[in-house]
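Trainee: let me see the structure of the following:
(one chain, ligands or ions: 1)
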Amino acid sequence: MSAIPVRSARDDSDLLIEDLDRAGCLVVKDAADSALREQLVDQLRPHLEKANVDDDNPEEFYPGKTRRVTALVSRCEASHELILHPTPTALCDHFLLPNSPAGYQLHVTAALEVGPGSRKQILHREDNSFTFFERPHPELILASMWAISDFRADNGGTLLVPGSHRWDGEREARKDEIVSAEMPAGSVLFWLGSVLHGAGANTSNDWRYGIILTYSLAWLRQEENQYLDVPLERAAKLSPEMKKIIGYEMYDALGFFDPRVATE
Ligand SMILES: O=C(O)CCC(=O)C(=O)O
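Mentor: Model prediction:
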């Protein structure tokens, strides 16, 4: 069984890149301090309180007994600090820019609270929507999961298959190749879009709380429709960096627009 490498946010980004390239996944500790985590929890609380907690349907991709809130750019200003954090930025620059020189974009945002009794999620890859490309292929997506609570094997810590980013599309993971990402609150787990992963089962009595943020090449269709989740009047209040990362910018000839429309 291969382990998930562990680093600190204070480590040189070259070390993080080397580990992530080799294993396809990486835990970085001490990335979000408790003041930022408290802000995130406070801003997300009213939305998570309203979230449905469905019973499990084993046919469904998403396990039940889990609270999910998306559209974090609009709903949680504190998430902007995670989205533009220097650690994911350095990793996206390395893994995504070579495949999309004009940039990358936010792909998915969600707060995920995995509740007691939640089953294991089916293993999948973030880039499963892009079936056009044969595996292994250049990276299209980089994913991160920020630990707001501790992540443990018994409370639904994310399951990953280190090394699976190098596999062809046919190979399935053996049980002994699947590893649980255990990490203290404030850490962030990264994995490449071609790595097999999924939420673990929660056999404990507490809720596992994480924030998933993924990034994709700017020439791909985003999984979360940021233009609807962050409509023009909200986007106008964002910083130029946030506007750019959610996709309010042209990529070569793609996504052109007429700025006069906003005031007509
Ligand atoms: O919650 C997790 O640990 C993983 C979530 C995930 O992979 C998904 O929602 O697709």
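
Trainee: up against the ligand, what does the stretch 51-200 of the chain have?
Mentor: Residues of the stretch 51-200 of the chain lying close to the ligand (Cβ under 6 Å from any ligand atom) are Leu112, Met145, Thr158, His197, Gly198, Ala199. Yep, even glycine has a C-beta here, placed from its N, CA and C like the rest.

Trainee: now the two most distant members of those residues.
Mentor: Among those, the pair separated by the greatest distance (Cβ to Cβ) is Leu112 and His197, at 12.8 Å.

Trainee: Asp206: what secondary structure?
Mentor: coil (DSSP: H, G, I helix; E, B strand; the rest coil).

Trainee: pretty sure it contacts Asp154?
Mentor: No. Assessed by Cβ atoms under 8 Å, Asp206 is found out of contact with Asp154, at 9.4 Å.

Trainee: more neighbours: Leu112 and His197, which one.
Mentor: Legend: neighbour count by other Cβ atoms under 10 Å for Leu112 and His197, higher for His197 (28 against 22).

Trainee: pLDDT weak spots in the chain?
Mentor: Scanning the chain with the threshold set as pLDDT under 70 gives 1.

Trainee: can you give me the helices in it?
Mentor: With helices called from DSSP state H, the chain shows them at 13-23, 34-50, 72-75, 79-83, 86-95, 226-229, 232-235, 240-246.

Trainee: winner for burial among these?
Mentor: helix 72-75 (a mean of 22; mean count of other Cβ atoms under 10 Å).

Trainee: can you give me how far that one is from the chain middle?
Mentor: Mean-position distance between helix 72-75 and its chain equals 14 Å (Cα atoms, centre = their mean, to the nearest Å).

Trainee: just checking, what packs against that helix?
Mentor: Other elements packing on helix 72-75 under the criterion 3 or more Cβ pairs under 8 Å, 6 or more residues apart in numbering; DSSP states H and E are helix 34-50, helix 79-83, strand 104-114, helix 226-229.

Trainee: what would the ones you listed look like in CSV with distance to Glu170?
Mentor: Putting these into CSV (distance: least, Cβ to Cβ, whole Å) gives the following:
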stretch, distance to Glu170
helix 34-50, 39
helix 79-83, 35
strand 104-114, 25
helix 226-229, 34
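
Trainee: could you measure from the residue in the stretch 1-150 of the chain positioned nearest to the ligand over to Ala147?
Mentor: In the stretch 1-150 of the chain, the residue that lies nearest the ligand is Leu112 (4.6 Å; Cβ to the nearest ligand atom). Relative to Ala147, Leu112 is positioned 11 Å away (Cβ to Cβ, to the nearest Å).

Trainee: leaving aside the residues next to it on the chain, what's closest to Ser149?
Mentor: Tyr209 (4.1 Å; Cβ to Cβ, 6 or more residues apart in numbering).

Trainee: quick one: contacts for Met183?
Mentor: For Met183, the contacting residues are Val6, Val27, Lys29, Ala147, Asp150, Phe151, Gly157, Leu189, by Cβ atoms under 8 Å, 6 or more residues apart in numbering.
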